[in-house]
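J.: Sequence plus the predicted model coming up.
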Amino acid sequence: MSHRSAAFAALCLLAITASATSVAHCSIIATGSNSQSAYAVPGNELNSGITGVVTGTALAGQEGASKDPAVLSNGTNGTGNFSDLGTQIVAISNGTTITYTFGSPQTIGSINTFSRWRDNGRVNQDYSVSTSTDGMAFIPLTSVAYDGLPNNRPVDAEVSVTNTSSHILASGILAVQFSFPSTQNTYVGYTELSINGVPEPASLVLLGLSAVGLFAVARRRRAA
């Protein structure tokens with residue numbers, strides 16, 4: 001089994017409107033594996049059950065992949081087996097745009113995207129994300145370019161977009177748009193485009209306590 005992970009910072013465009021603020025800096029954390037083990041979709045997915053509206057290049061179901069956009073927001077990443085092709089893997093092509101519109105403005109904590117294919121030729125994640133406070137005008141948030149595991153097959157990959165300084169990625173958001181202007185080998189297999197809410201207050205408290213504990217341990221070590 002071979003694994004590789006990479007983490008790098010990306011500059012998000014600062015976008016401030018009367019009703020929403022998109023953060024200025026994001027971190028993009030990308031991981032990949034050839035184990036076929038499914039990554040877990042976060043449990044606080046805001047777009048779960050919302051079928052994205054596809055514009056531009058239609059979903060064509062290449063090589064037996066699904067053409068159903070509802071698969072990309074069904075709250076699951078499949079079983080991790082390539083028998084999922086046709087039921088849990090959607091082939092997204094050059095020029096495809098997928099838009100998710102919420103029933104009311106939402107606060108976004110992170111965006112996680114998952115890709116999988118039977119070989120390493122169609123798992124690279126290349127897309128841009130934009131947000132809207134009114135569902136009509138979209139402001140660019142960030143772009144992702146992840147090359148998966150080029151020397152191994154088969155491949156699973158996950159990309160997470162988060163805020164470097166806060167648990168909030170963007171607030172007051174009515175719609176999120178994914179654009180795929182250029183994909184690896186003209187189409188890539190995606191299993192989920194997950195737009196996630198912020199952690200529950202209890203989770204934030206636990207994270208804070210963990211950080212305080214780590215700081216205390218480090219301080220004691222320096223004192224010793």
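T.: Great, that's in hand.

J.: residue contacts, Ser179?
T.: Residues near Ser179 by Cβ atoms under 8 Å, 6 or more residues apart in numbering: Thr96, Thr97, Tyr127, Ser128, Val129, Ser130. The way it works is simple: take the backbone N, C-alpha and C, and place the C-beta from them, glycine included.

J.: do Pro69 as well
T.: Thr51, Gly52, Val53, Val54, Leu59, Val90, Ile98 are the contacts of Pro69 under Cβ under 8 Å, 6+ apart.

J.: and the closest residue to it other than its chain neighbours, how many neighbours does it have?
T.: Nearest residue to Pro69 in three dimensions, chain neighbours excluded: Gly52, at 4.9 Å (Cβ to Cβ, 6 or more residues apart in numbering). Residues within reach of Gly52, counting by other Cβ atoms under 10 Å, total 22.

J.: Gly52 against Thr97, yeah?
T.: No - judged on Cβ atoms under 8 Å, Gly52 makes no contact with Thr97 at a distance of 9.2 Å.

J.: what touches both of these two?
T.: Common neighbours of Gly52 and Thr97 (Cβ under 8 Å, 6+ apart) are Phe178.

J.: Now tell me which helix or strand of this protein has the poorest mean pLDDT.
T.: strand 15-16 (a mean of 36; mean pLDDT, DSSP states H and E).

J.: Throw the contacts of Ser179 into CSV and include neighbour count, secondary structure and distance to Phe138, thanks.
T.: As requested, the contacts of Ser179 are arranged in CSV below (neighbours: other Cβ atoms under 10 Å; DSSP: H, G, I helix; E, B strand; the rest coil; distance: Cβ to Cβ, whole Å):
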residue, neighbour count, secondary structure, distance to Phe138
Thr96, 25, strand, 15
Thr97, 20, strand, 10
Tyr127, 25, strand, 14
Ser128, 16, strand, 10
Val129, 25, strand, 9
Ser130, 21, strand, 4
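
J.: what's the closest of these to Glu63?
T.: Thr96 (16.0 Å; Cβ to Cβ).

J.: Quick check, that closest one in contact with Thr57.
T.: Yes - Thr96 lies in contact with Thr57 (Cβ under 8 Å); the separation is 4.5 Å.

J.: Give me the common contacts of those two.
T.: Joint contacts of Thr96 and Thr57 (Cβ under 8 Å, 6+ apart) do not exist.

J.: Grab the nearest non-local neighbour of the spatially most central residue of the chain.
T.: Taking Cα atoms, centre = their mean, the centroid of the chain lies closest to Asn112, which sits 2.2 Å from it. Distance criterion Cβ to Cβ, 6+ apart; nearest residue to Asn112, sequence neighbours excluded, is Ser194 at 4.3 Å.

J.: Repeat that for Pro105.
T.: In space, and not counting its chain neighbours, Pro105 is closest to Gly172: 4.7 Å by Cβ to Cβ, 6+ apart.

J.: So what does the one you found have for phi and psi?
T.: phi 70, psi 30 (degrees, to the nearest 10).

J.: measure it to Ser27 for me?
T.: Using Cβ to Cβ, to the nearest Å, Gly172 is found at 21 Å from Ser27.

J.: what's the answer for Tyr127, then?
T.: 17 Å.

J.: Break down this protein into its strands, ranges please.
T.: 3-11, 15-16, 21-22, 25-33, 53-56, 90-93, 96-117, 125-132, 139-146, 155-163, 170-180, 187-197 (DSSP state E).
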